[in-house]
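**Student:** I would like the atomic coordinates for the input below:
(one chain, ligands or ions: 1)
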Amino acid sequence: MSLVSLKNVNKIYGKGSSQIKSLDNINFAADAGQVVLIEGPSGSGKSTFLTILGALQKATSGQVIISGEEITAMNSKQLDQLRLNKIGFILQSYALVPYLKIREQFVLANIIKKTNNMQQLQLNNLLEQLQVNELLDKYPKELSGGQRQRIAIARALYTNPPIVLADEPTASLDSKCVTLVGQLFQQFAHQDGTLIVMVTHDQRLEQYADVIYRIVDGKMDKRID
Ligand SMILES: Nc1ncnc2c1ncn2[C@@H]1O[C@H](COP(=O)(O)OP(=O)(O)OP(=O)(O)O)[C@@H](O)[C@H]1O
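**Tutor:** Residues are numbered from 1 along each chain as shown. Just a heads-up that it's a prediction; the model follows:
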């Protein structure tokens with residue numbers, strides 16, 4: 001069984017004449033251990049797709065199945081638990097807490113999700129691999145966009161989620177860092193069985209993907225398998 005799947009999913013924003021069909025009958029499935037890339041032009045529905053796949057918002061119709069559970073009927077508490085235990089998010093906004101030093105961002109993640117997080121040594125290795133290990137005593141505002149982005153990636157991976165959903169994870173990164181992140185995603189997927197789903201404009205990430213889909217005007221096609 002697939003780790004995540006969407007069946008006949010539609011998403012309509014707005015009402016009446018101002019309606020926008022952001023997702024149009026999407027069928028999608030992905031397995032543990034895959035790096036999946038979703039590309040498409042601006043406004044094509046990529047972020048909408050990712051937020052529905054991550055149970056951050058509901059589809060207008062269709063089924064969303066995460067780890068064998070159909071989420072449509074879940075209440076907000078159940079959805080919170082599902083997201084906490086199963087999904088690591090890498091969002092465009094980075095979602096770092098502005099008044100916490102970088103090391104405290106990880107302490108906070110450990111307070112929110114208490115079990116199955118990385119040991120200190122694993123975290124140190126991860127931060128070193130992403131070349132952000134010297135930044136632990138800084139605040140987010142003292143970092144560049146690319147440094148913040150790599151911290152957000154480390155924080156998402158820190159809790160060992162079976163599913164990582166990434167929205168434009170390399171938008172602020174130079175090519176050297178794209179290589180680091182691409183290799184890291186492959187390592188987590190192929191060695192640890194993590195499912196990585198990323199939506200992006202960044203063609204530099206294509207070489208690290210096992211499967212590539214394209215969304216145009218809310219419709220999804222598989223491009224490379
Ligand atoms: N909350 C919302 N309310 C109304 N319309 C929305 C909302 N979110 C997205 N849309 C619309 O849905 C469509 C798809 O948007 P979405 O953000 O998913 O695209 P995208 O491919 O991620 O774009 P980008 O690459 O620019 O981030 C767009 O027409 C957008 O304007």
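**Student:** for the ligand, what are the nearby residues on this structure?
**Tutor:** 13, 14, 20, 22, 40, 42, 43, 44, 45, 46, 47, 48 (CB under 6 Å from any ligand atom). C-beta here means a position set from N, CA and C on the backbone, and glycine is covered the same way.
**Student:** what about 5 Å?
**Tutor:** Selection of the chain residues close to the ligand by CB under 5 Å from any ligand atom yields 13, 20, 22, 42, 43, 44, 45, 46, 47, 48.
**Student:** Dump whichever strand or helix holds the last one to CSV, restricted to CA.
**Tutor:** Looking back up the chat, that one is residue 48. Assigned by DSSP states H and E, residue 48 falls within helix 46-53. C-alpha atoms of helix 46-53 as CSV (Å, rounded to 0.1, in the frame of the first residue of the first chain):
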residue,chain,number,x,y,z
LYS,A,46,1.7,23.1,-6.3
SER,A,47,1.3,24.7,-2.8
THR,A,48,-2.3,23.7,-2.7
PHE,A,49,-1.4,20.2,-3.5
LEU,A,50,1.2,20.0,-0.8
THR,A,51,-0.9,21.5,1.9
ILE,A,52,-3.7,19.1,1.1
LEU,A,53,-1.3,16.2,1.1
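**Student:** about what we covered before: what's the most distant pair in the residues of the chain next to the ligand?
**Tutor:** Farthest pair in the residues of the chain next to the ligand (CB to CB) is 13 and 42. Separation: 15.8 Å.
**Student:** Please say which of the two ends up with more neighbours.
**Tutor:** residue 13 (12 against 6; other CB atoms under 10 Å).
**Student:** Pretty sure that one sits against residue 20.
**Tutor:** Yes. Using CB atoms under 8 Å, residue 13 is in contact with residue 20, at 4.6 Å.
**Student:** Let me see the contact set for the closest residue to residue 118 other than its chain neighbours.
**Tutor:** Spatial nearest neighbour of residue 118, excluding adjacent residues (CB to CB, 6 or more residues apart in numbering): residue 158 at 5.3 Å. Listed by CB atoms under 8 Å, 6 or more residues apart in numbering, the contact set of residue 158 reads 88, 106, 109, 117, 118, 123, 126.
**Student:** ChimeraX command to pick out the buried ones of these?
**Tutor:** Those of these that count as buried under 16 or more other CB atoms under 10 Å are selected in ChimeraX with:
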select :88,106,109,117,118,123,126
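**Student:** The contacts of residue 158 in helices, which ones?
**Tutor:** The helices, defined by DSSP state H, take in 106, 109, 123, 126 from the contacts of residue 158.
**Student:** got those as TSV, with pLDDT columns?
**Tutor:** Output for the ones in helices among the contacts of residue 158, formatted as TSV (pLDDT from 0 to 100):
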residue	pLDDT
106	93
109	90
123	95
126	96
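**Student:** Which pair of those spans the longest distance?
**Tutor:** 109 and 126 (12.6 Å).
**Student:** what packs against the lowest-mean-pLDDT helix or strand in the chain?
**Tutor:** Within the chain, no helix or strand scores below strand 219-224, which has a mean of 86 by mean pLDDT, DSSP states H and E. Judged by 3 or more CB pairs under 8 Å, 6 or more residues apart in numbering; DSSP states H and E, the packing partners of strand 219-224 are strand 20-30, strand 211-216.
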